[in-house]
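*Asks:* my questions are about this predicted structure, shown below with the sequence.
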Amino acid sequence: MLLPFYNDKCIEAGLDEAGRGCLAGPVVAAAVVLPNGYDNAMLNDSKQLDKLSRNELAEIIKAEASAFAIGICSQTEIDEINILWASVKAMHKAVTLLEVKPEHLLVDGNRFKPYFGIPHTCVIKGDAKYQSIAAASILAKTYRDDLMEKYAERYPQYGWEQNAGYPTPKHRAAIKEFGITDLHRKTFRLLKD
């Protein structure tokens, strides 16, 4: 059972990202503010859910959250500032877009840059511990998966509709055969040595 809040005395936003380990495409972050007393037993880390459950939950979260927003950093930004800081930047973008101003940020992971004076707490594996982070993980993953499916229509040979840009054998074989696209992250090791 996931915990409802880290600090129930304030407006808290859960933050998570999807796509850090990918070879192609952006990193996508979500920020989610859940209402006081919110409880959804189906919520879980997005990686523990099948695609159908993730998509169903994404619609429920969008309907029931007090606020949610998506932030994106492109593959170009990732190459410029590295994946860690691009992930943080995407989280900052998501917080900026929230219609409700949070008073505390609950961040999945162990690294974060302060966001305009709002206190934050980093939680390792937070998406398996707190509802708001789990909700953010679901929104980030479903948004990014949909994006990669659209990109797969432009570049069908890489299998992004199935691997979402992660380094699968099929993806790496396609890079070897067809080269890279404008969506690939140039600073990542795209092929094994």
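*Replies:* In hand now; what should we look at?

*Asks:* from here on, contacts and neighbour counts on C-alpha atoms
*Replies:* OK.

*Asks:* how many other residues sit next to the residue nearest to F188 when sequence neighbours are not counted?
*Replies:* Leaving aside its sequence neighbours, F188 sits nearest to L23 (C-alpha to C-alpha, 6 or more residues apart in numbering; 6.4 Å). By other C-alpha atoms under 10 Å, the residues close to L23 number 25.

*Asks:* L23 and Y143, how far apart?
*Replies:* The gap separating L23 from Y143 is 17 Å, by C-alpha to C-alpha, to the nearest Å.

*Asks:* strands of the protein, start to end?
*Replies:* 12-18, 27-33, 67-73, 104-108, 120-123 (DSSP state E).

*Asks:* list the helices and strands the last one packs on?
*Replies:* Other helices and strands packing on strand 120-123, by 3 or more C-alpha pairs under 8 Å, 6 or more residues apart in numbering; DSSP states H and E, are strand 104-108.

*Asks:* what's in contact with stretch 75-83?
*Replies:* 20, 24-27, 85-86, 183-187 (C-alpha atoms under 8 Å, 6 or more residues apart in numbering).

*Asks:* kindly state the beta-bridge partners for I118.
*Replies:* When assigned by DSSP bridges, I118 has beta-bridge partners Y115.

*Asks:* correct me, but it touches K101?
*Replies:* No: in this structure, I118 is not within contact of K101 by C-alpha atoms under 8 Å, at 9.5 Å.
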